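K.L.:
Just the structure for this:
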Amino acid sequence: MPKRFFLVIAISFHLLCIILFNALSLLQSFALLHPKHDYKALHWVQENIHAFVNLPTIKLYSTYSGTETLFGFFAPRVGSQYITQFKLYDKTGKLISTQNGPTLRSQPGVLRYARLLDSFEPLVDPSNSKDSTRYDVRYARAILYNLSMHIGHSQPQATKVVSRIFLHHSRQPQHPRDTTASSYRLVYQQQYAL
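P.N.:
Below is the predicted model of the structure:
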């Protein structure tokens, strides 16, 4: 009897972790699709789930058990939803060129860059301010900085790079044929001096 009881508790805990991580992912996706709506109850639920799954013991268990990976890996790999844009300016403020990314010469490089774009996801959340100490936010900013410096130094006369990250914004179900709305929205912008 005690073995069966502990087995039921362990299985229930594991399923709870799976459900909570996927519920958190679903709520974050919903917030991205409906940014203009303010759902206080959903924000409260999202904050509480986020606090629970970030407890040290839950985080450790979910990392080692794989429950934090969500179930998106069963879906086919689709293209990145993030688009980068780098505008290079000279010392007078005149636009020299606009690039969407580094010049890549090989297919593996293109594939790696497409995977790299997914690391910009933490920058979408406006609460991740410039002084955020979260590792994933700092990592995404470091990647953007290095890309900006690489692209900026490709033009000798450039003195400033304005880097932007856009996110694909799907059409709303209530307006499926609305083609006037931009399909990408600006989610992050940073200026770097060279």
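K.L.:
Give me the pLDDT for the residue positioned nearest the centre of the chain.
P.N.:
Nearest residue to the geometric centre of the chain (CA atoms, centre = their mean): Glu121, 0.6 Å. What the model reports as pLDDT for Glu121 is 83.
K.L.:
quick one, phi psi at it?
P.N.:
Phi and psi for Glu121, reported as degrees, to the nearest 10, are phi -60, psi -40.
K.L.:
who touches it in this structure?
P.N.:
Residues in contact with Glu121 (CB atoms under 8 Å, 6 or more residues apart in numbering) are Tyr82, Asp136, Ala140. (Each C-beta comes from the backbone N, C-alpha and C, glycine too.)
K.L.:
From those, pick the one nearest Lys91.
P.N.:
Ala140 (28.9 Å; CB to CB).
K.L.:
Kindly confirm my reading that the closest one forms part of a strand.
P.N.:
No: with DSSP: H, G, I helix; E, B strand; the rest coil as the criterion, Ala140 is assigned helix and is not in a strand.
K.L.:
What distance do you get for it to Ser132?
P.N.:
Applying CB to CB, to the nearest Å, the value for Ala140 to Ser132 is 10 Å.
K.L.:
now Val124
P.N.:
Using CB to CB, Val124 is found at 13 Å from Ser132.
K.L.:
Compare neighbour counts for those two and give me the winner.
P.N.:
Neighbour count, other CB atoms under 10 Å: between Val124 and Ser132, Val124 has more, with 19 against 16.
K.L.:
Just confirm the more buried one contacts Tyr188, I think it does.
P.N.:
Yes: under the criterion of CB atoms under 8 Å, Val124 makes contact with Tyr188 at 7.3 Å.
K.L.:
Domain map for the chain?
P.N.:
Domain assignment for the chain, taken from automatic domain parsing, gives 2-74, 82-193.
K.L.:
tell me the most buried of those domains?
P.N.:
Sort the domains of the chain by mean neighbour count, taking mean count of other CB atoms under 10 Å, and domain 82-193 sits at the top with a mean of 14.
K.L.:
how far does that domain stretch from start to finish?
P.N.:
This stretch, domain 82-193, spans 23 Å end to end (CA to CA, to the nearest Å).
K.L.:
where's the closest residue to Leu147 other than its chain neighbours relative to Ala114, distance?
P.N.:
Of all residues not flanking Leu147 in the chain, Pro102 sits nearest, at 6.6 Å (CB to CB, 6 or more residues apart in numbering). Per CB to CB, Pro102 is found 12 Å from Ala114.
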